[in-house]
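Enquirer: Here's my sequence, what's the structure:
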Amino acid sequence: MPGSRLFLRLALLVALAVATALLSLAWGSGGLDFRGSLEGLAGQGDVTAQVVVREIRLPRVLAAFGVGSVLALAGVLLQALFRNPLADPYVLGVSGGAAVGALLAMAAGAGLAGTQGGAVLGALAAVLAVFVLGQGGGTARLLLTGVVIASATGAFVSVLLAVADGGQLRGMVFWLAGDLGWASRPLPSVAAALLALLVAVLLGRPLNVLASGELRARSVGLDVDLWRTAIFAGCAALTATAVVNAGTIGFVGLVTPHAARLLLRTSDHRLVGPAAALLGGTLLAAADLVARTIAAPRQLPVGAIMALVGAPLFIVLLRRRMA
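Expert: Numbers count the residues shown, from 1 in each chain. A predicted model of the protein is given here:
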């Protein structure tokens with residue numbers, strides 16, 4: 001693609017992200033107009049507007065962009081590693097392990113910090129299980145092990161939901177469906193997204209070689225085993241960061257890499273990585289805006305909105321790739 005057209009498409013992504021962020025900050029169920037929201041963001045005007053915009057909406061917008069970017073980057077890396085267009089961050093079983101840990105903490109009566117701590121421990125346990133059991137068989141064995149662990153943890157989650165008290169059940173369901181209301185501290189996910197984006201850009205060439213096939217990667221001297229382990233560990237850390245902050249949100253890591261490739265018309269990971277990260281954050285921020293306004297004053301799980309949008313979007317992208 002000529003440089004000018006590529007620049008215009010990247011500029012369009014940036015403009016879309018900025019517009020989505022501003023709309024998310026200005027629109028909600030609090031009755032604030034656009035000017036009042038901007039004044040509240042700047043620390044001016046009505047005190048209520050400042051609280052609503054700076055302490056409620058702004059953390060959610062930052063969390064949406066951080067979590068969406070992290071999941072999108074993990075999807076890009078995993079699809080390059082497995083050379084499978086259906087690979088996504090949850091194929092490693094990390095989300096299932098985090099869900100089991102979080103629900104066990106909720107069942108024990110833990111608060112937000114305890115729930116996030118349980119999710120971290122569960123994610124680490126799942127990563128360790130997949131890594132140990134998947135050794136020695138290449139990417140195919142690693143992928144199959146992740147699928148088995150995800151299935152096992154899904155069954156355990158069903159048991160926990162069946163025996164949970166009525167008062168705990170709603171919080172468990174919202175956490176499983178994905179809810180940015182949990183993301184009271186969005187900076188870790190934003191920092192993880194920025195760091196992962198920098199690494200993905202710097203390591204774009206080795207990723208391109210790895211995505212071309214294991215045989216070719218070995219023929220040019222790439223240490224495939226080392227890269228497989230590093231990418232697996234990095235994707236597991238990114239997915240765990242997203243799940244701990246916002247619960248399980250699907251389709252972001254599956255859809256956005258394909259959308260970025262189609263938009264830029266390239267598979268170069270030095271371009272696909274940044275574009276997918278920006279698109280993933282924008283998509284999740286838009287889904288969160290819909291989730292908290294479409295049935296206001298009630299808030300819907302953003303993961304459910306993302307699935308309703310992501311499933312038909314993936315079908316459209318798939319048909320365009322086949323055309």
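Enquirer: Check which residues of the lowest-mean-pLDDT helix or strand in the chain are buried.
Expert: Within the chain, no helix or strand scores below helix 34-41, which has a mean of 75 by mean pLDDT, DSSP states H and E. The neighbour-count criterion (16 or more other Cβ atoms under 10 Å) identifies 36-41 as the buried residues of helix 34-41. For glycine as for every other residue, the C-beta is placed from the backbone atoms N, C-alpha and C.
Enquirer: Next, the buried residues of stretch 82-101.
Expert: Here stretch 82-101 shows 82, 87-101 as buried, counting by 16+ other Cβ under 10 Å.
Enquirer: Widest-spaced pair of those?
Expert: Using Cβ to Cβ, these span at most 25.3 Å, a distance reached by Phe82 and Gly101.
Enquirer: if we can go back for a sec, out of the buried residues of stretch 82-101, which comes closest to Arg141?
Expert: Set against Arg141, the nearest of the buried residues of stretch 82-101 by Cβ to Cβ is Phe82 (11.3 Å).
Enquirer: The closest one reaches Leu143, doesn't it?
Expert: Yes - using Cβ atoms under 8 Å as the test, Phe82 is close enough to Leu143 to be in contact (5.6 Å).
Enquirer: joint contacts of the two?
Expert: Counting by Cβ atoms under 8 Å, 6 or more residues apart in numbering, Phe82 and Leu143 have no shared contacts at all.
Enquirer: thought Ile305 was touching Ala287?
Expert: Yes - contact criterion Cβ under 8 Å: Ile305 and Ala287 qualify, at 4.5 Å.
Enquirer: more crowded one of those two?
Expert: Ala287 (27 against 22; other Cβ atoms under 10 Å).
Enquirer: Other residues contacting the least confident helix or strand of the chain?
Expert: Contacts to helix 34-41, defined as Cβ under 8 Å, 6+ apart, come from residues 25-27, 32, 45-46, 49-54, 57-58.
Enquirer: Where helices are concerned, which of these count?
Expert: Residues of the contacts of helix 34-41 located in helices (DSSP state H): 25-26, 49-51, 58.
Enquirer: Buried among those residues? Make that a PyMOL selection.
Expert: Only the buried entries of those go into this PyMOL selection, using 16+ other Cβ under 10 Å:
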select buried, resi 25+26+49+50+58
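Enquirer: export the ones in helices among the contacts of helix 34-41 to JSON lines and tack on distance to Thr293?
Expert: Output for those, formatted as JSON lines (distance: Cβ to Cβ, whole Å):
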{"residue": "Leu25", "distance to Thr293": "13"}
{"residue": "Ala26", "distance to Thr293": "11"}
{"residue": "Ala49", "distance to Thr293": "17"}
{"residue": "Gln50", "distance to Thr293": "20"}
{"residue": "Val51", "distance to Thr293": "18"}
{"residue": "Leu58", "distance to Thr293": "16"}
